[in-house]
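[1] sequence first, then the predicted structure:
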Amino acid sequence: MREITVLSGKGGTGKTTVTAALGTLAKNTVFCDNDVDASNLHLIFQPEHIEKGVYLGGWSSTLHTEKCNHCGICILHCQFDAIHTNEKGQFYINKFQCEGCRLCERICPMHAITSKQSDNNEWYISKTRFGSIVHAHMGPGEENSGKLVTLVRKKAKEQAELSEAEWIINDGPPGIGCATISSLSGVNAVLIVAEPTQSGLHDVERLVKLAQSFDTPVFAIINKYDLHQGQTKLLQTYFQKEEIPVLALLPFDEAMVESMVAGQTITEFAPLSMISLELKKAWQELDKLVPHRKT
Amino acid sequence: MSFNIAVVSGKGGTGKTTISVQLALFLSQKEKRKVRLIDCDVEEPNDGLFFPDKKKIESKTIYQSIAEIDINKCRFCRDCVTYCNYNAIVVIPRVKFAQVEKTLCHSCGACIVACRHNAINEIPEPIGLVNSYQINSRLSLMEGELKIGSPMQTMLIKALKKEASNQKSIMIHDAPPGTSCSVVETLSDAQVVIVVTEPTPFGLHDLKLTAELLRDMNKPFGVIVNKAGLGNNELFKYLEEEKIPLIDSIPFSKEIAAKYASGELLNKLDEKMISLFSIWWNQLKETEAK
């Protein structure tokens, strides 16, 4: 079984559209949406939940005014400046600033602070027309997205082992922070969807450095390559220098958005379009090139 | 007087940077205000790319204090393990092993309070840079640049905002995509929020998450629909049903996309943007006056 993660650095370059297209192309695959923060793959896959559960996320603390004696020990110790005084002179904890370390709760001599873990996150194992998918819904403003990514990947792996799948394909998050780190650690390869813009190149460079620090092989697809030939050339030169194979050049095509509106993958919506043909070729290449060894 | 505006999006690639940069140009050039643009997308900071003539003033390394256990003083009692709510400490008394996992430590100081043997020290670990630039006499830019491999993006945003705080300027915070803790940190003290979205099913889905977060945080916000003409009308219907103010919509054009690609678009204030921001800014000033 091989596992790849589709990433981009910059948001909105076409990660999910490409991942969805692989749904039609890759057989015997378990899909996993690692963009738990703003997940979109389910909009195309229209999954039917088979199993779901609550993921206990970050902690947050609450101060109970009636027990508080205003000693201020909690304010002194809070490293996140999350405890404030309201207009009545009472202490309170700003839940958006609290990082859930529970130090205030442990040191409060009046036992006036309690903490609880957020239950505003759910994970799902679902059936789709392309096989199974593991995905999650994270409550807005939640912490620990990296841990939730680790959880959905673990569930996807269990599914893949059960069904003796050949592939796990992860639709990754944007950026290079904790969620991205969690989504690329230990995969066989990373597939980058890049766009030919100045920001696109800058963001890809940072992402490639991150993947290289994990010794993960990287492959690339350039999306909307015809929007700016000059920037595409710069991307190609960069990928060549880093010895990253560019597997496909996808032209800009409004059919991309139209397929999304229709709830279909681009390969379902326009099977004979240039994009679909290029993606088919890219998938055959990936199947050949992605090593069986995990990093 | 200082005023905080945050530009967020939910979905990536909808045009946050374009709007942030154009708004900074509008307020500094047309309204003659002192403006500080703050790039809080520390994982992938891009605002600076659009100001090739910027002058770097300072680049400051930001450190996180990581707990470190002094093995000579440690009695392997595991009190620190009990206090650490991030499972960042491993202590195995049998083999006299005690270590803090750097990438999990949140620098909360709980283990130090827990330790009765004075065996825990804090050592500084770099998590990234805060870079300051001067664009012209009225416009400055500050950005956070996360060290590659560091998972501490939210901590860096917090440090960036502290460094960037300026009583005399209008501050524009360009947020990272998504709706998680790093976005919350970016807009925690914004007085008004601009949401940039696109009229596609992905854009609508992520807009709903963003709206839920902003209502939960009690932030007044308006929406700019970028790339209008692509996708469908569902998003506009949603805005109407939810009575969310639509600031304006910007039609999709391949030429604009190509200009953005090269970086040209953002160099100077766009005519269309002037009228878009003028109406919005005047309304904002009126509400403030009331």
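    Now that the structure is in, tell me what you want to look at.

[2] verify the stated contact: residue B:210 with residue B:7.
    No: in this structure, residue B:210 is not within contact of residue B:7 by C-beta atoms under 8 Å, at 11.5 Å. All C-beta spots, glycine's among them, are computed from the backbone N, C-alpha and C.

[3] domain map for the chain?
    Reading this off chain A. A:2-56+A:120-289, A:59-117 (automatic domain parsing).

[4] ah, I was thinking of chain B
    B:3-51+B:135-289, B:63-126.

[5] gap between residue A:79 and residue A:292?
    45 Å (C-beta to C-beta, to the nearest Å).

[6] again with residue B:170
    55 Å.

[7] look at those two and report which has more neighbours.
    residue B:170 (20 against 7; other C-beta atoms under 10 Å in any protein chain shown).

[8] now do the same contact list for the more buried one.
    Residues near residue B:170 by C-beta atoms under 8 Å, 6 or more residues apart in numbering or on different chains: B:2-3, B:5, B:27, B:33-36.

[9] from the residues you listed, which two are the most distant?
    Farthest pair in the contacts of residue B:170 (C-beta to C-beta) is B:5 and B:34. Separation: 13.6 Å.

[10] these two: which is more packed in?
    Remark: of residue B:5 and residue B:34, residue B:5 carries more neighbours, 23 against 16, as counted by other C-beta under 10 Å.

[11] can stretch A:178-194 be found next to chain B?
    Yes: Stretch A:178-194 comes into contact with chain B (C-beta under 8 Å from any C-beta of the partner chain), by way of A:178-181.

[12] and if you look at stretch A:252-271?
    Yes: legend: contact between stretch A:252-271 and chain B by C-beta under 8 Å from any C-beta is shown at A:252, A:254, A:257, A:260-261, A:263.

[13] any idea how many residues pack against residue A:285?
    That count, for residue A:285 with other C-beta under 10 Å as the rule, works out to 15.

[14] within the helices and strands, which one has it?
    When elements are assigned from DSSP states H and E, residue A:285 belongs to helix A:274-289.

[15] likewise for residue A:127?
    Residue A:127 belongs to strand A:121-128, assigned by DSSP H and E.

[16] list the buried ones in that strand?
    A:121-126, A:128 (16 or more other C-beta atoms under 10 Å in any protein chain shown).

[17] need the three-state assignment for residue B:140.
    strand (DSSP: H, G, I helix; E, B strand; the rest coil).

[18] if it is in a bridge, with which residues?
    residue B:36, residue B:134 (DSSP bridges).

[19] was I right about it contacting residue B:163?
    No: Residue B:140 is not in contact with residue B:163 according to C-beta under 8 Å; the separation is 11.8 Å.

[20] one step back: widest-spaced pair of the buried residues of strand A:121-128?
    A:121 and A:128 (21.1 Å).

[21] now the residue located most distally from the centre of chain B. Its backbone dihedrals?
    Most distant from the centre of chain B: residue B:94, at 45.1 Å, with distances by C-alpha atoms, centre = their mean. The phi/psi pair for residue B:94 (degrees, to the nearest 10) reads phi -50, psi -40.

[22] how far away is it from residue B:196?
    In terms of C-beta to C-beta, residue B:94 sits 56 Å off from residue B:196.

[23] so how many other residues sit close to the spatially closest residue to residue A:106 that is not a sequence neighbour?
    Leaving aside its sequence neighbours, residue A:106 sits nearest to residue B:83 (C-beta to C-beta, 6 or more residues apart in numbering or on different chains; 6.4 Å). The number of residues packed near residue B:83 is 21, by other C-beta under 10 Å.

[24] verify the stated contact: residue B:83 with residue A:103.
    Yes: between residue B:83 and residue A:103 there is a contact under C-beta under 8 Å: 7.3 Å.

[25] shared neighbours of those two, which are they?
    With C-beta under 8 Å, 6+ apart as the test, residue B:83 and residue A:103 both reach B:110, B:113.

[26] buried ones in stretch A:209-218?
    Within stretch A:209-218, the residues that qualify as buried are A:210-211, A:216-218, counting by 16+ other C-beta under 10 Å.

[27] from those, which ones fall inside strands?
    residue A:218 (DSSP state E).

[28] from the buried residues of stretch A:209-218, list the ones also adjacent to chain B.
    residue A:210.

[29] ok, the buried residues of stretch A:209-218 vs chain B, which is closest?
    Of all the buried residues of stretch A:209-218, residue A:210 has the smallest distance to chain B: 5.2 Å, by C-beta to the nearest C-beta.

[30] shouldn't the closest one be in contact with residue A:182?
    No: here residue A:210 does not reach residue A:182: they are 11.8 Å apart, not a contact under C-beta under 8 Å.

[31] if you average pLDDT over the following helix or strand past the strand holding residue A:127, what comes out?
    Later in the chain than strand A:121-128, the nearest helix or strand by DSSP H and E is strand A:131-138. Averaging pLDDT along strand A:131-138 gives 95.

[32] which parts of chain B are strands?
    B:3-8, B:35-39, B:55-69, B:89-92, B:97-100, B:120-134, B:139-146, B:170-174, B:192-197, B:221-228, B:246-251.

[33] packing partners for the fourth one?
    If I follow you right, that is strand B:89-92. In terms of contacts (3 or more C-beta pairs under 8 Å, 6 or more residues apart in numbering or on different chains; DSSP states H and E), strand B:89-92 is packed against strand B:55-69, helix B:79-83, strand B:97-100.

[34] buried residues in the last one?
    Within strand B:97-100, the residues that count as buried by 16+ other C-beta under 10 Å are B:98, B:100.

[35] neighbouring strands - and their directions - for it?
    strand B:89-92 (antiparallel).

[36] what comes into contact with the partner strand?
    Under C-beta under 8 Å, 6+ apart, the answer for strand B:89-92 is B:67, B:69, B:74, B:76, B:78, B:80-81, B:97-101, B:111.

[37] in the chain, where's the longest helix?
    Let's take chain A. helix A:145-162 (DSSP state H).

[38] correction: the question concerned chain B.
    Secondary structure of chain B per DSSP H: the longest helix is helix B:271-289.

[39] gap between residue A:116 and chain B?
    Applying C-beta to the nearest C-beta, to the nearest Å, the value for residue A:116 to chain B is 12 Å.

[40] from memory that residue sits against residue A:59, does it?
    Yes: with contact defined as C-beta under 8 Å, residue A:116 reaches residue A:59; the gap is 6.9 Å.

[41] compare those two (neighbour count), which wins?
    Just comparing residue A:116 and residue A:59: by other C-beta under 10 Å the higher neighbour count belongs to residue A:59, 19 against 11.

[42] that one touches residue A:117, doesn't it?
    Yes: using C-beta under 8 Å, residue A:59 is in contact with residue A:117, at 5.2 Å.

[43] mutual contacts of those two, please.
    Common neighbours of residue A:59 and residue A:117 (C-beta under 8 Å, 6+ apart) are residue A:100.

[44] which parts of chain A are strands?
    Going by DSSP E, chain A shows strands at A:2-7, A:29-33, A:48-54, A:59-63, A:83-85, A:91-93, A:113-117, A:121-128, A:131-138, A:167-171, A:189-194, A:218-222, A:246-249.

[45] what is the third one packed up against?
    Under the contact criterion of 3+ C-beta pairs under 8 Å, 6+ apart, strand A:48-54 touches strand A:121-128.

[46] enumerate every residue touching the nearest residue to residue A:74 once chain neighbours are set aside.
    Once flanking residues are discounted, residue A:74 sits nearest to residue A:104: 3.9 Å by C-beta to C-beta, 6+ apart. By C-beta under 8 Å, 6+ apart, the contact set of residue A:104 is A:61, A:63, A:74, A:77-78, A:83, A:93, A:113.
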